[in-house]
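A.B. asks: starting from these lines, generate the structure:
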Amino acid sequence: SSHNLHLLLNFQYLVIEITSTIMDSYRAKSAASAKSILESGVSTLDALTSALEAFPYKGSNAVSEAEAAFVTAIGEGDVTKANEVVDAAYKVTRDALCTGAENTRVLERFVGLHIPQMEDGNNFGVTVQMMFSKLLKEEREKMEKALSETSKYYSSRADAIDKFSHLPKTSVSETKSTSKSSASGGKDGDENKESSSTSTEEKTSTSDGGKVNLYRVKALAALDAQTYIDLVSALQSMVDGYVMILDNLQKNWDKLENPRGKGYGGYGSGGSSMVY
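C.D. replies: Residues are numbered from 1 along each chain as shown. Okay, here's the model as predicted:
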């Protein structure tokens with residue numbers, strides 16, 4: 001009936017209105033988060049730049065200087081001891097990459113929620129959004145790839161240390177024995193007895209007369225030096241990409257937030273991620 005049809009249409013309009021209100025709230029929150037990232041951008045970059053400047057080995061001789069220092073440190077001490085220089089770079093760089101990737105995703109969400117409905121014409125602002133989204137995706141993927149690759153460092157270092165033959169190798173063997181006996185007809189009747197014993201033997205051995213193999217030292221130092229350079233490079237790349245992101249965000253904020261002008265209200269019930 002026409003009455004039921006009228007009720008159905010009213011219900012559909014209500015759902016659209018509620019959905020639109022919810023998406024407007026998400027849009028506003030995403031814009032506030034993006035604005036916060038932009039406003040804290042200078043302090044974030046200052047902190048990352050300071051971290052880069054604090055790294056001890058720089059310039060064209062950074063690899064050879066780091067390697068030589070690491071060879072000396074490893075050869076004179078315990079080869080299983082952590083490399084403090086690499087550990088510090090590892091923490092700073094990976095924390096920065098994680099933060100950068102997370103902030104970039106926030107910006108991707110901001111842009112995605114501000115893409116307007118498909119319409120003919122007046123799409124210059126939308127083009128700006130698409131170009132910025134492409135930059136965000138590329139830079140985020142670089143950060144995430146660097147995070148994945150640098151995570152393998154400690155596994156590789158453990159393998160390298162295992163190959164040092166001068167380190168004591170300990171093996172433990174355990175022997176268990178059980179004996180059973182039974183007797184019948186005694187004053188206490190039939191009797192069954194069972195006893196068990198365990199013995200443990202531990203052996204420690206070394207090779208190469210306990211001397212450190214110089215080439216194993218160089219191999220470990222080379223691994224540490226390469227990881228150090230990779231971490232510094234990843235952080236520098238992240239800073240460069242983050243600068244471009246913030247620069248584009250600042251220059252094009254109005255177009256990113258309101259691609260068709262502030263008076264435009266054509267986001268529909270949640271907008272669309274498709275543009276013609």
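A.B. asks: where are the low-confidence patches of the protein?
C.D. replies: By pLDDT under 70, the low-scoring segments of the chain are 1-20, 168-173, 179-194, 199, 201-210, 264-276.
A.B. asks: now do the helices in it.
C.D. replies: 2-39, 41-54, 62-76, 84-113, 124-150, 153-162, 214-251, 253-257 (DSSP state H).
A.B. asks: and those as a markdown table, adding mean neighbour count?
C.D. replies: C-beta: built from backbone N, CA, C; applies to glycine. Below are these laid out as a markdown table (neighbours: other C-beta atoms under 10 Å):
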| stretch | mean neighbour count |
| --- | --- |
| helix 2-39 | 12 |
| helix 41-54 | 13 |
| helix 62-76 | 17 |
| helix 84-113 | 19 |
| helix 124-150 | 17 |
| helix 153-162 | 14 |
| helix 214-251 | 18 |
| helix 253-257 | 17 |
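A.B. asks: and of those helices, who's closest to Thr198?
C.D. replies: Proximity to Thr198 (C-beta to C-beta) singles out helix 153-162 among the helices of the chain, at 29.6 Å.
A.B. asks: got the contact list for that closest one?
C.D. replies: Helix 153-162 is contacted by residues 79-80, 86, 90, 167, 216, 219-220, 223-224, 227 when judged by C-beta atoms under 8 Å, 6 or more residues apart in numbering.
A.B. asks: so which of the helices of the chain is nearest Ser195?
C.D. replies: Of these, nearest to Ser195 by C-beta to C-beta is helix 153-162, at 40.9 Å.
A.B. asks: kindly export that closest one (C-alpha atoms) in PDB.
C.D. replies: Extracted C-alpha coordinates of helix 153-162, given in PDB (Å, rounded to 0.1, in the frame of the first residue of the first chain):
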ATOM      1  CA  TYR A 153      69.300  -8.500  12.500                       C
ATOM      2  CA  TYR A 154      69.300 -10.400  15.800                       C
ATOM      3  CA  SER A 155      68.600 -13.700  14.100                       C
ATOM      4  CA  SER A 156      71.500 -13.200  11.700                       C
ATOM      5  CA  ARG A 157      73.800 -12.100  14.600                       C
ATOM      6  CA  ALA A 158      72.900 -15.200  16.600                       C
ATOM      7  CA  ASP A 159      73.800 -17.400  13.600                       C
ATOM      8  CA  ALA A 160      77.100 -15.600  13.200                       C
ATOM      9  CA  ILE A 161      78.000 -16.000  16.900                       C
ATOM     10  CA  ASP A 162      77.100 -19.700  16.800                       C
END
